[in-house]
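>>> Fold the following and give me the result.
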Amino acid sequence: MSFKEILNNEVERGQKGLNISIPFKSLPKVSNYIDVRKAVYTLLFSFSGSGKTSLTNNMYILDPIEYVLENPEKDIDINIIYFSME
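Numbers count the residues shown, from 1 in each chain. Predicted structure coming up:
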C-alpha cells in the first residue's frame with residue numbers, strides 16, 4: 001500500500017469518525033488543528049528556556065490523563081512513553 005493510499009484511508013476513517021483522538025483541553029485553539037492520536041510521534045524543539053517541557057507535560061501527559069479520567073465511557077486505554085532529551 002502506498003503512502004497516498006494510507007493517507008487517503010486515514011482521512012476517510014476520520015470523516016467517518018473512526019479515528020480516536022484526545023483533544024488538548026487546556027489549549028482549545030491548538031486542538032482545532034492537532035490532537036493526541038495513537039502511533040503519532042511529535043518532535044518539539046525551540047530555544048532554551050522557552051517552555052518546551054511545560055508545554056509537553058501539559059499537552060501530552062496531563063491533558064490526556066485528565067480526558068481519560070473524565071470520559072470513562074469512551075473506554076480509552078492510555079500508555080505514555082516519554083523520552084526527554086534534557
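>>> Show me what counts as buried in stretch 33-47.
Neighbour-count burial for stretch 33-47, with 16 or more other C-beta atoms under 10 Å as criterion, is recorded at 35-36. (Each C-beta comes from the backbone N, C-alpha and C, glycine too.)
>>> Give the burial count for residue 48, as a bare number.
Residues contacting residue 48 under the criterion other C-beta atoms under 10 Å number 6.
>>> Might you report the residue contacts of the nearest residue to residue 38 once chain neighbours are set aside?
Beyond its immediate neighbours in the sequence, the residue positioned closest to residue 38 (C-beta to C-beta, 6 or more residues apart in numbering) is residue 20, lying 7.0 Å away. With contacts taken as C-beta atoms under 8 Å, 6 or more residues apart in numbering, residue 20 has the following neighbours: 37-38, 74, 76.
>>> What lies in contact with the helix of greatest length in the chain?
Counting by DSSP state H, the longest helix found in the chain is helix 3-15. Under the contact criterion C-beta under 8 Å, 6+ apart, helix 3-15 has outside partners 1, 19.
>>> try 7 Å this time
Here helix 3-15 makes contact (C-beta atoms under 7 Å, 6 or more residues apart in numbering) with residue 19.
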